[in-house]
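J.: From the sequence below, what's the structure:
(one chain, ligands or ions: 1)
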Amino acid sequence: MFGFGSKDVGIDLGTANTLVFIKGKGIVLREPSVVAKNTKTGDIVAVGNDAKNMIGRTPGSIVAIRPMKDGVIADFDITTAMIEYYLKEASKNSGSNWKKPNVMICVPFGITSVEQRAVIDAARQAGAKEAFTIEEPFAAAIGSNLPVWDPTGSMVVDIGGGTTEVAVISLGGIVTSESVRVGGDAMDQSIISYIRKTYNLTIGERTAEAVKMEIGTALAEGPEETMEIRGRDLLTGLPKTIEISSKEISESLREAVASIIDGVRKTLEQTPPELSADVMERGIVLTGGGALLTNLDKVISQETNMPVFIAEDPLDCVAIGTGKALDNIDLIRQQQVKG
Ligand SMILES: Nc1ncnc2c1ncn2[C@@H]1O[C@H](COP(=O)(O)OP(=O)(O)OP(=O)(O)O)[C@@H](O)[C@H]1O
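T.: Next comes the predicted model:
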């Protein structure tokens, strides 16, 4: 048996953000999952916040890469560099007696065992003593205090950057699930293409994300909100400012929201009746940053006739659950690829 001391680390390797959780300390680091690389030398120039600030602003020789795009590991070397960076940063936060930690890494549900092995190898190469993986919806459910080990059905919908993962969990396992390749990133892209089509204006990803967070809604109701945004006029090539409304944004997000609801429906259709009855009674829990989209809970509830709740810390649930899973390492160990 290994001693899982207070320096064990949980990493939520998200498409959009990476969070690091240290047992006994909580979340010690939260940075964008972005790496900037020099294409001529192959050197990693920056990781995290510094690299995110370079998106859209890099000279030809530097590219800002999101190695976890679409919820899968697109580039092994860069992912290793990212894990290495996060473990180093976490050790800075953790005082002088930092030893090789045991590391639990949260991965998207449904990644292959080869991909899981790649994450484990990356963590070991980055300095982990032992590394484990935990699947994202399971970690999200633990992090939102659902009774995952009980013989009762709990449904979690984790809306992240790249994917939405829907799962019904009972007795420590995922019974039914769906992974939809639609999350916050797809919402941003929908806003970009709506504004391009409607106003002949090109806006960047960061502007689209800000619009979504500020006035985005899954259901236009109540007083209309507006926001000024700046982009490049496609006709003149010059910068231009326009005003857009929450109603327009809700229209642009309709398709993305429908895909998420479709994922929830499909999962419910496959769920054994006893467990569906539990979900009907206890409700669906939304986690991930996308859960914060205004009125998304309301629309999902309307479309499924189920009570829907937003988890207490939707952005932190997966990281908290990953860390808490270290407390149940023996149970997790039985289900996981080990390194
Ligand atoms: N207030 C908000 N309203 C709408 N979307 C939001 C809000 N806050 C954050 N988001 C979105 O949530 C997404 C990030 O969520 P999260 O950090 O849970 O994803 P992730 O875990 O990195 O991704 P994945 O689960 O796909 O690996 C981003 O697309 C972000 O724009």
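J.: okay, now the domains of this protein?
T.: Listed by the TED database, the domain ranges of the chain are 8-138+318-337, 143-182+256-313, 184-252.
J.: tell me, which of those domains is the model least confident about?
T.: With a mean of 82, domain 8-138+318-337 has the lowest mean pLDDT of the domains of the chain.
J.: what's the distance between whichever residue of the stretch 201-339 of the chain sits closest to the ligand and P137?
T.: Nearest residue of the stretch 201-339 of the chain to the ligand: G289, at 2.1 Å (CB to the nearest ligand atom). For glycine as for every other residue, the C-beta is placed from the backbone atoms N, C-alpha and C. Counting by CB to CB, to the nearest Å, the gap from G289 to P137 is 15 Å.
J.: same deal with V299?
T.: In terms of CB to CB, V299 sits 20 Å off from P137.
J.: between the two, which one's more packed in?
T.: Set V299 next to P137 and count neighbours by other CB atoms under 10 Å: P137 wins out with 30 against 20.
J.: Provide the secondary structure category for the closest residue to the more buried one other than its chain neighbours.
T.: Nearest residue to P137 in three dimensions, chain neighbours excluded: A167, at 3.7 Å (CB to CB, 6 or more residues apart in numbering). Assigned with DSSP: H, G, I helix; E, B strand; the rest coil, A167 falls in the strand class.
J.: What's the local residue count around A167?
T.: Look at A167: counted by other CB under 10 Å, it has 25 neighbours.
J.: Okay, and the beta partners of it?
T.: Counting by DSSP bridges, A167 forms beta bridges with V156, S177.
J.: Give the residue farthest from the middle of this structure.
T.: No residue in the chain sits farther from the centre than T236, which is 37.4 Å out by CA atoms, centre = their mean.
J.: Can you name the residues of this protein that neighbour the ligand?
T.: Residues of the chain found near the ligand (CB under 6 Å from any ligand atom) are 14-17, 71, 136, 160-163, 183-185, 209, 212-213, 216, 288-290, 292-293, 315, 318.
J.: Kindly recompute the last result at 5 Å.
T.: Counting by CB under 5 Å from any ligand atom, the residues of the chain close to the ligand are 14-17, 71, 160-163, 183-184, 209, 213, 288-290, 292-293.
J.: Select only the buried ones of those in ChimeraX?
T.: Only the buried entries of these go into this ChimeraX selection, using 16 or more other CB atoms under 10 Å:
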select :14,15,16,17,71,160,161,162,163,183,184,209,288,289,290,292,293
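J.: Just the ones of the residues of the chain next to the ligand in helices?
T.: Counting by DSSP state H, the part of those found in helices is 184, 209, 213.
J.: for the residue lying closest to the last one once chain neighbours are set aside, what are its contacts?
T.: Nearest residue to M213, sequence neighbours excluded (CB to CB, 6+ apart): L292, at 7.6 Å. The neighbourhood of L292, defined by CB atoms under 8 Å, 6 or more residues apart in numbering, consists of 213, 310, 314-315.
J.: picking up where we left off before, now the residue of the stretch 201-339 of the chain closest to the ligand: how far from R124?
T.: G289 sits 29 Å away from R124, going by CB to CB.
J.: next one: A64
T.: For A64, the distance to R124 (CB to CB) stands at 26 Å.
J.: Between these two, point out the one with more neighbours.
T.: Remark: of A64 and R124, A64 carries more neighbours, 20 against 17, as counted by other CB under 10 Å.
J.: what's near enough to touch the more buried one?
T.: So A64 contacts 34-36, 51-52, 54-56, 58 (CB under 8 Å, 6+ apart).
J.: Of these, which pair is most distant in space?
T.: Maximum pairwise distance among the contacts of A64 (CB to CB): 15.2 Å, between V35 and G56.
J.: more crowded one of those two?
T.: Neighbour count, other CB under 10 Å: between V35 and G56, V35 has more, with 27 against 10.
J.: Spit out the contact partners of the most centrally placed residue in the chain.
T.: What sits nearest the mean C-alpha location of the chain, by CA atoms, centre = their mean, is G160, with 3.3 Å. Under the criterion of CB under 8 Å, 6+ apart, the neighbours of G160 are 14-16, 71, 136, 183-184, 288-290, 318.
J.: Excluding residues flanking it in the chain, which one is nearest A81?
T.: A81 sits nearest to I44 (CB to CB, 6+ apart), 4.9 Å away.
J.: isn't T304 right up against I284?
T.: Yes: between T304 and I284 there is a contact under CB atoms under 8 Å: 7.2 Å.
J.: For these two, indicate the residue with more neighbours.
T.: I284 (23 against 17).
J.: bridging residues for that one?
T.: Applying DSSP bridges to I284 gives these bridge partners: M155, V308.
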